[in-house]
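**Q** let's see this in three dimensions:
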Amino acid sequence: MSRISVITGGAGGMGVATARIVGRDHTLVLCDVRRDRLDAAVAGLDDLGITATAVYCDVTDRDAVAALFDTASSLGPLASVIHTAGVSPSMGDAEYVMRTNAIGTVNVDEAFYRTAGEGAAIVNVASMAAHMLPEEMIPTGHFPRALTDEDAFMADMLSACSIVPEEAQSGIAYALSKSFVRWYSTSQAERFNGRGLRIVSVSPGSVDTDMGRLEEQAGAGAMVADAAVPRWGKPEEMAELLAFCVSDRAGYLTGTDILNDGGVVASMRERARVAAEKG
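**A** As a prediction, this is how the structure comes out:
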């Protein structure tokens with residue numbers, strides 16, 4: 001029986017690029033909220049000889065996520081999940097960004113935890129933004145509430161976003177939500193290992209996808225010029241890393257975040273250090 005790999009955000013640039021790699025030796029289940037683009041993605045994969053089952057699923061809907069995993073499990077043993085579904089600051093307000101990125105991750109990962117058998121792995125997509133906020137701005141002490149009291153967690157996170165003007169709150173929500181993804185992927189590693197599961201996150205920089213380009217004029221695009229590798233990342237470059245993280249070759253990799261940003265964070269920190277020395 002073929003091993004199953006679920007890709008959320010399966011109609012997006014990174015999702016499709018990863019599907020082209022993982023689909024070589026796995027049966028794919030692609031989920032997305034955009035029906036037309038998901039159908040197009042599945043058709044494009046079919047042209048490459050890769051069969052994928054399409055599931056229309058909003059990751060913020062716990063019941064819909066449960067149904068997604070039921071579908072995947074009916075096809076065979078679940079080997080991996082690549083959770084790329086998420087939204088950027090330009091796509092909605094702070095509440096929408098936080099709920100999609102943080103609660104969506106909890107819904108997908110907890111369903112994976114309940115469903116997957118020993119040896120399976122999940123990789124979550126965080127962001128270089130999770131490496132940029134000062135620690136004092138990140139309400140890490142409230143993060144565990146996402147697992148026990150969704151409403152209280154959301155209230156805490158939106159309160160943390162309210163320290164900036166309303167027009168900037170979706171940007172802060174994005175950074176905080178991706179900080180949560182990074183935290184979850186490290187803090188839950190021991191619990192997941194108790195079931196023989198691995199959990200990892202990857203923090204991409206500015207990637208040349210439709211969603212990535214939405215932020216071209218909003219800050220992330222400007223950071224490309226400041227990177228050690230001064231260009232946009234390619235979806236295929238991220239896909240290779242995501243596919244590796246859930247592969248058997250990465251069997252010792254869990255409970256960590258991999259920053260894959262072309263050196264943006266490293267360059268910014270070193271420039272800040274040099275500037276402080278001169279100051």
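**Q** give me the three-state assignment for Leu259.
**A** strand (DSSP: H, G, I helix; E, B strand; the rest coil).
**Q** cool, Ala11 as well?
**A** coil.
**Q** please verify my assumption that it contacts Leu45.
**A** No - using C-beta atoms under 8 Å, Ala11 makes no contact with Leu45, being 10.9 Å away. Where you see a C-beta, it was placed from the backbone N, CA and C, and this is true even at glycine.
**Q** show me which of those two is the more surrounded one.
**A** Ranked by neighbour count (other C-beta atoms under 10 Å), Ala11 and Leu45 place Ala11 first, with 27 against 20.
**Q** in this protein, which spans are helices?
**A** Using DSSP state H, the helices found in the chain span residues 13-22, 35-47, 62-75, 94-98, 104-115, 150-161, 169-187, 189-193, 210-214, 220-224, 235-245, 264-278.
**Q** re the thing from before, overlap in contacts, Ala11 and Leu45.
**A** Common contacts of Ala11 and Leu45 (C-beta atoms under 8 Å, 6 or more residues apart in numbering): Leu30.
**Q** number of residues surrounding the closest residue to Glu236 other than its chain neighbours?
**A** Spatial nearest neighbour of Glu236, excluding adjacent residues (C-beta to C-beta, 6 or more residues apart in numbering): Ala17 at 5.0 Å. Counted with other C-beta under 10 Å, the neighbours of Ala17 add up to 22.
**Q** could you do Leu242 as well?
**A** Around Leu242 there are 29 residues (other C-beta under 10 Å).
**Q** what about it, distance to Arg198?
**A** Per C-beta to C-beta, to the nearest Å, Leu242 is found 13 Å from Arg198.
**Q** please apply the same query to Ala155.
**A** Separation of Ala155 from Arg198 (C-beta to C-beta) stands at 32 Å.
**Q** Gly76 too?
**A** From Gly76 over to Arg198 the distance is 19 Å, taken as C-beta to C-beta.
**Q** what's the answer for Thr27, then?
**A** According to C-beta to C-beta, Thr27 stands 20 Å off from Arg198.
**Q** beta-bridge partners for the residue nearest to Leu253 when sequence neighbours are not counted, please?
**A** Take Leu253 and drop its neighbours on the chain: the residue closest to it by C-beta to C-beta, 6+ apart is Val200, 5.8 Å away. Counting by DSSP bridges, Val200 forms beta bridges with Val123.
**Q** tell me where the model's unsure across the chain.
**A** 1, 209-229 (pLDDT under 70).
**Q** and if we set it to 50?
**A** Within the chain, no stretch has pLDDT under 50.
**Q** count the residues that sit near the closest residue in space to Ala129 that isn't next to it in sequence.
**A** The shortest distance from Ala129 to any non-neighbouring residue, by C-beta to C-beta, 6+ apart, is to Ala175 (4.2 Å). Ala175 sits with 21 neighbouring residues when counted by other C-beta under 10 Å.
**Q** my read: Ala175 touches Ala126, true?
**A** No - at 10.2 Å, Ala175 does not count as touching Ala126 under the criterion of C-beta under 8 Å.
**Q** buried residues, stretch 233-241. List them.
**A** Buried residues in stretch 233-241, counted by 16 or more other C-beta atoms under 10 Å: 233, 235-239, 241.
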